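K.L.:
Provided below for reference: sequence and predicted model.
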Protein chains: 2
Amino acid sequence: MTKTVTAALLLIGNEILSGRVRDENLPFLAEQLNDIGVQLRECRVVRDEEGEIVTAVNALRASHDYVFTTGGIGPTHDDITADSIAKAFGREIGYHPEARARLEAHYARTGAELNEARLRMARVPDGGSLVDNPISTAPGFRVENVFVLAGVPVVMRAMFESLRHELDGGAPVRSLAIAAHLSEGVMAAGLAELQGRYAGIDIGSYPFYRGGRVGTSIVSRGTDEAALEALGGELRALMRELGSEPIEEVNDPA
Amino acid sequence: MTKTVTAALLLIGNEILSGRVRDENLPFLAEQLNDIGVQLRECRVVRDEEGEIVTAVNALRASHDYVFTTGGIGPTHDDITADSIAKAFGREIGYHPEARARLEAHYARTGAELNEARLRMARVPDGGSLVDNPISTAPGFRVENVFVLAGVPVVMRAMFESLRHELDGGAPVRSLAIAAHLSEGVMAAGLAELQGRYAGIDIGSYPFYRGGRVGTSIVSRGTDEAALEALGGELRALMRELGSEPIEEVNDPA
């Protein structure tokens, strides 16, 4: 029996809830985590409000192996994530010597002033460890099972590469996607019967309309490749029995 | 003093948490709700698991004026949203006569069979009212302050048009977006000072890299248009003082 390792994601930022910015971090993290056997199980989006961040972080870190937050770690007044994380853990917060040294070196190199606002980006809750930022220097950080990352996707991705080796995953979830030009309602009874027999596999049904034709993608996900393959065979047979040739879809992302 | 009306969104579906499907419903609802004076304050994404849906719905409906759910109302075994909503409210669930009549008329028209799986789409928690679906007939529904909508974006949008008149909004939030080729760290002190004086306005700072140049968009949001305009004047003056000509951005979406 392989272990199940789960994660939750907390997206922090008014700009996502206003619709101004479309999140790109959830799909990226979902796929990357899945590759190393960590299952993203839940996501929350909250405003830049301390109370909301604290409540969400504490709920998520208690119920998942890992929590990732994105957003709110820049130099401006609306960047309150670091303080909120400190509060969630009941820890003090201060300037992290190594983070400060990196910022000092960076601004010395660029010639820009390391003012008080920029120095805020070196603040880390006590006992936190740094997450490298190869793009724009100002680091993220980790406190226990919570990783605090930038919201800007290119920076978040680079930070994830920096921390990936710290994650201890379980069995990666494999997926198998097979479509047919059949409506969901036609396949539903057969799918329910298959789901009953393949309890360890999660069978999802997603209708589509392409080129004027109705169809359904069946996405099966699980850690047992042999079971997945057997289910795939039965699924294809079901589709043919219902009068439609199965269409193999690209299985990546899971 | 105008009232503040808030909403939360619950996205239901394994396919979003696996990264396979990228959500489009949050940005759409955020903008549409904002236009009628309803502020989207929180979003959660959960799997197709009854316990998780029940917990999230009950948390969100207690703390917001309206809750919208998307996903999980089709005919297949993984569509468990209606049952989960019934459970969250402690209500029974059964076939809604009007929903059933609509499905019967629809399938009589198309010649397809209204089998047991498709009939599941007429199940509504006791006391729930229907939300019309002009695209594919099978309705959504409303129970108290919770609106249960389809996950497929084109259907969800049509359902939202159908229910929009039921929403009682407050003052719409206006937004003003002004950018400059200045880094966040250079503007931070001035922005914090402005935020201190314009307490009713939410000033957000978003760095960007365009055409090889660093810049920052300042997005100010609030219900008081006069205050927003005054703040805009001060912001432009701050940017000029720091050596960069303000760039007016498109203010829609808020």
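P.N.:
Nice, thanks for sending it over.

K.L.:
the longest helix in chain A is where?
P.N.:
helix A:225-241 (DSSP state H).

K.L.:
in it, which residues are buried?
P.N.:
The neighbour-count check on helix A:225-241 (16 or more other C-beta atoms under 10 Å in any protein chain shown) flags A:Ala227, A:Leu228, A:Leu231, A:Gly232, A:Leu235, A:Arg236, A:Leu238, A:Met239 as buried. Every C-beta, even on glycine, is put in place using the N, C-alpha and C of the backbone.

K.L.:
which strands and helices sit next to it?
P.N.:
Helices and strands touching helix A:225-241, by 3 or more C-beta pairs under 8 Å, 6 or more residues apart in numbering or on different chains; DSSP states H and E, are strand A:174-180, helix A:184-197, strand A:213-222.

K.L.:
does anything pack onto the helix or strand that that helix is followed by? Which helices or strands?
P.N.:
For helix A:225-241, the succeeding helix or strand toward the C-terminus, using DSSP states H and E, is strand A:247-248. Packing partners of strand A:247-248 (3+ C-beta pairs under 8 Å, 6+ apart): strand A:174-180.

K.L.:
need the residues that contact the strand it packs on.
P.N.:
Applying C-beta atoms under 8 Å, 6 or more residues apart in numbering or on different chains, the contact partners of strand A:174-180 are A:187, A:208, A:215-223, A:225, A:228-229, A:231-232, A:235-236, A:239, A:242, A:244-251, A:253-254, B:18, B:20.

K.L.:
try stretch A:52-64
P.N.:
A:6-8, A:10, A:12, A:41-42, A:44, A:46, A:67, A:69, A:72, A:80-81, A:84-85, A:87-88, A:144-146, B:42.

K.L.:
pull the distance from it to the chain's centre.
P.N.:
Centroid separation between stretch A:52-64 and its chain, computed with C-alpha atoms, centre = their mean, to the nearest Å, is 15 Å.

K.L.:
list the buried residues in it.
P.N.:
For stretch A:52-64, the neighbour count (16+ other C-beta under 10 Å) marks A:Glu52, A:Ile53, A:Val54, A:Thr55, A:Ala56, A:Val57, A:Asn58, A:Ala59, A:Leu60, A:Arg61, A:His64 as buried.

K.L.:
export it as PDB, just CAs?
P.N.:
Below are the C-alpha coordinates for stretch A:52-64, written out as PDB (Å, rounded to 0.1, in the frame of the first residue of the first chain):
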ATOM      1  CA  GLU A  52      -8.900  35.600   6.300                       C
ATOM      2  CA  ILE A  53      -5.300  34.500   5.500                       C
ATOM      3  CA  VAL A  54      -4.800  33.300   9.100                       C
ATOM      4  CA  THR A  55      -8.000  31.300   9.200                       C
ATOM      5  CA  ALA A  56      -7.400  29.700   5.800                       C
ATOM      6  CA  VAL A  57      -3.800  28.800   6.500                       C
ATOM      7  CA  ASN A  58      -4.600  27.200   9.800                       C
ATOM      8  CA  ALA A  59      -7.500  25.200   8.400                       C
ATOM      9  CA  LEU A  60      -5.400  24.000   5.400                       C
ATOM     10  CA  ARG A  61      -2.100  23.100   7.200                       C
ATOM     11  CA  ALA A  62      -4.000  21.000   9.700                       C
ATOM     12  CA  SER A  63      -5.700  18.900   7.100                       C
ATOM     13  CA  HIS A  64      -3.000  18.500   4.400                       C
END
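
K.L.:
now the stretch of helix or strand A:Glu52 belongs to against helix B:50-63, angle please.
P.N.:
If you go by DSSP H and E, A:Glu52 is part of helix A:50-63. Interaxial angle, helix A:50-63 versus helix B:50-63 (axes from the mean of the first three to the mean of the last three C-alpha atoms, to 10 degrees): 160 degrees.

K.L.:
just checking, next helix/strand downstream of helix A:50-63?
P.N.:
strand A:66-70.

K.L.:
so which elements touch that next one?
P.N.:
Counting contacts by 3+ C-beta pairs under 8 Å, 6+ apart, strand A:66-70 packs against strand A:5-12, helix A:50-63, strand A:146-149.

K.L.:
partner strands of that strand, with direction?
P.N.:
strand A:5-12 (parallel), strand A:146-149 (parallel) (DSSP bridges).

K.L.:
up against chain B, what does the stretch 51-200 of chain A have?
P.N.:
A:52, A:74-79, A:112-113, A:115-118, A:152, A:173, A:175, A:183-189, A:191-192, A:195 (C-beta under 8 Å from any C-beta of the partner chain).

K.L.:
before we move on, the earlier item: so of the strands paired with strand A:66-70, which one's packed in deepest?
P.N.:
strand A:146-149 (a mean of 26; mean count of other C-beta atoms under 10 Å in any protein chain shown).

K.L.:
would you work out how far apart the start and end of stretch A:38-58 are?
P.N.:
20 Å (C-alpha to C-alpha, to the nearest Å).

K.L.:
over to stretch A:146-158?
P.N.:
End-to-end distance (C-alpha to C-alpha), stretch A:146-158: 17 Å.

K.L.:
ok, back up a step: now the helix holding A:Glu52: average pLDDT?
P.N.:
Averaged across helix A:50-63, pLDDT comes to 98.

K.L.:
and it, how far from the chain's centre?
P.N.:
Distance, stretch centre to chain centre, for helix A:50-63: 16 Å (C-alpha atoms, centre = their mean).

K.L.:
got the contact list for stretch A:203-217?
P.N.:
Stretch A:203-217 is contacted from outside by A:177-184, A:187-188, A:191, A:194-195, A:218-221, A:231, A:247, A:249, B:13-15, B:21, B:48, B:74, B:76-79, B:152, using C-beta under 8 Å, 6+ apart.

K.L.:
sorry, that was for stretch A:28-38
P.N.:
A:5-7, A:9, A:39-40, A:65-66, A:68, A:153, A:156-157, A:160, A:164, A:167, A:169-173, A:253-254, B:17-19.

K.L.:
pLDDT weak spots in chain A?
P.N.:
A:1-2, A:250-254 (pLDDT under 70).

K.L.:
what residue lies at the spatial centre of it?
P.N.:
Centroid-nearest residue in chain A, with C-alpha atoms, centre = their mean: A:Leu29, separated by 3.4 Å.

K.L.:
got the phi/psi numbers for that one?
P.N.:
When read as degrees, to the nearest 10, the backbone of A:Leu29 gives phi -60, psi -40.

K.L.:
where's it relative to A:Glu225, distance?
P.N.:
24 Å (C-beta to C-beta, to the nearest Å).

K.L.:
likewise A:Ala82?
P.N.:
Taken as C-beta to C-beta, the span from A:Ala82 to A:Glu225 is 42 Å.

K.L.:
how about A:Met121?
P.N.:
44 Å.

K.L.:
do A:Gly200 as well
P.N.:
A:Gly200 is 11 Å from A:Glu225, by C-beta to C-beta.

K.L.:
which residues are in contact with each of these two?
P.N.:
By C-beta under 8 Å, 6+ apart, no residue touches both A:Gly200 and A:Glu225.

K.L.:
tell me which residue of the stretch 151-254 of chain A lies closest to chain B.
P.N.:
A:Ala188 (3.2 Å; C-beta to the nearest C-beta).

K.L.:
how about that residue: what's its closest non-neighbour residue?
P.N.:
B:Ala117 (3.2 Å; C-beta to C-beta, 6 or more residues apart in numbering or on different chains).

K.L.:
correct me, but the one you found touches B:Asp79?
P.N.:
No: judged on C-beta atoms under 8 Å, B:Ala117 makes no contact with B:Asp79 at a distance of 9.2 Å.
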